[in-house]
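Student: Sequence and predicted structure below; questions after.
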Amino acid sequence: MSAYSYFAEFYDSLTYNVAYDKKADYLIELLKRHHHPSGVTLDLACGTGSLTLELYKRGIDVFGADMSTDMLTVAQQKSAEADCQILFLRQKMQNLNLYGTIDTCICSLDSINHLPSSTDVIKTFEGVSRFLNPNGLFVFDANTVYKHRSVLGDNCYIYDREDVFCAWQNNYYEKDHKVIITLDFFAPNSKGYTRYSEQFSERAYTREKMTEMIEKSGLTLEAVYDDMTFNEPEPDSEREIYVVRKIEE
């Protein structure tokens, strides 16, 4: 069973409140503010392709990459139904191997937090740097330490959707700001419910640690914003947007 296999089936239902259209508009405005033409754009860890599709509809020359076959299957189906010709590649973030260079890389919805260790984060940043053209821009978001400690914590959440009932349980570890997430899905069938379970973890990093990893990868931090704004993050910000440049040599 591939990673996020059951999650892929219910992902769009459970993220129904994510406004991908507004995220796409925000990212386009961000690129304008940083005087950066999007050019060839990679949506890294694209998941089911919702943001990829929104960017494509806005005229961005975009393709997606994700490690999950099941997520990509959903992405390809959505792309076909929308009559959009989008390339999707099956690749792990930390083993990025593209056919050519890119001008922009976007990585959203806390995908960086899903990487197992800081070593994996650095490998991902190095891979993005390797394929970015000089002066290319890498924009990613990340959950903050505050969110992991004070919002996700050891809390439980219930999602009751028409196609699935989901029990979401968190276990927080202060040492490395890690949250282990256990999902139990109950999908209705003709006789009642079928139960599926999935578990994964997320790690959060301080701003200082994230900056250190960016610089270690040969990239330059250009700005950090509070989520979906162009304001400085607050102490209780739950997600931060990092804008990183590959400086032309």
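Tutor: Arrived safely.

Student: Pass me the low-pLDDT residue ranges in this structure, would you?
Tutor: Scanning the chain for pLDDT under 70 picks out 1-16, 249.

Student: Against Glu215, how distant is the residue of it most remote from its centre?
Tutor: Computed with C-alpha atoms, centre = their mean, the residue of the chain farthest from its C-alpha average is Lys191, at 36.0 Å. Distance, Lys191 to Glu215, using C-beta to C-beta, to the nearest Å: 56 Å. All C-beta spots, glycine's among them, are computed from the backbone N, C-alpha and C.

Student: can you check Pro188 too?
Tutor: 50 Å.

Student: how many neighbours does Ile156 have?
Tutor: One thing to correct before we go on: residue 156 is Cys, not Ile. Close neighbours of Cys156, defined as other C-beta atoms under 10 Å, add up to 10.

Student: can you tell me the helix or strand for the nearest residue to it once chain neighbours are set aside?
Tutor: Spatial nearest neighbour of Cys156, chain neighbours left out: Gln169 (4.9 Å); criterion: C-beta to C-beta, 6 or more residues apart in numbering. Gln169 belongs to strand 165-173 when assigned by DSSP states H and E.

Student: who does that strand pair up with?
Tutor: strand 156-160 (antiparallel), strand 178-189 (antiparallel) (DSSP bridges).

Student: any chance you could map the strands in this structure?
Tutor: In the chain, the segments counted as strands under DSSP state E are 40-44, 61-66, 88-90, 102-107, 132-143, 156-160, 165-173, 178-189, 192-203, 220-226, 239-245.

Student: Output the ones you listed in JSON lines, with distance to Asp21 appended to each entry.
Tutor: Shown next, in JSON lines, are the strands of the chain (distance: least, C-beta to C-beta, whole Å):
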{"stretch": "strand 40-44", "distance to Asp21": "15"}
{"stretch": "strand 61-66", "distance to Asp21": "15"}
{"stretch": "strand 88-90", "distance to Asp21": "20"}
{"stretch": "strand 102-107", "distance to Asp21": "15"}
{"stretch": "strand 132-143", "distance to Asp21": "17"}
{"stretch": "strand 156-160", "distance to Asp21": "22"}
{"stretch": "strand 165-173", "distance to Asp21": "24"}
{"stretch": "strand 178-189", "distance to Asp21": "26"}
{"stretch": "strand 192-203", "distance to Asp21": "25"}
{"stretch": "strand 220-226", "distance to Asp21": "19"}
{"stretch": "strand 239-245", "distance to Asp21": "17"}
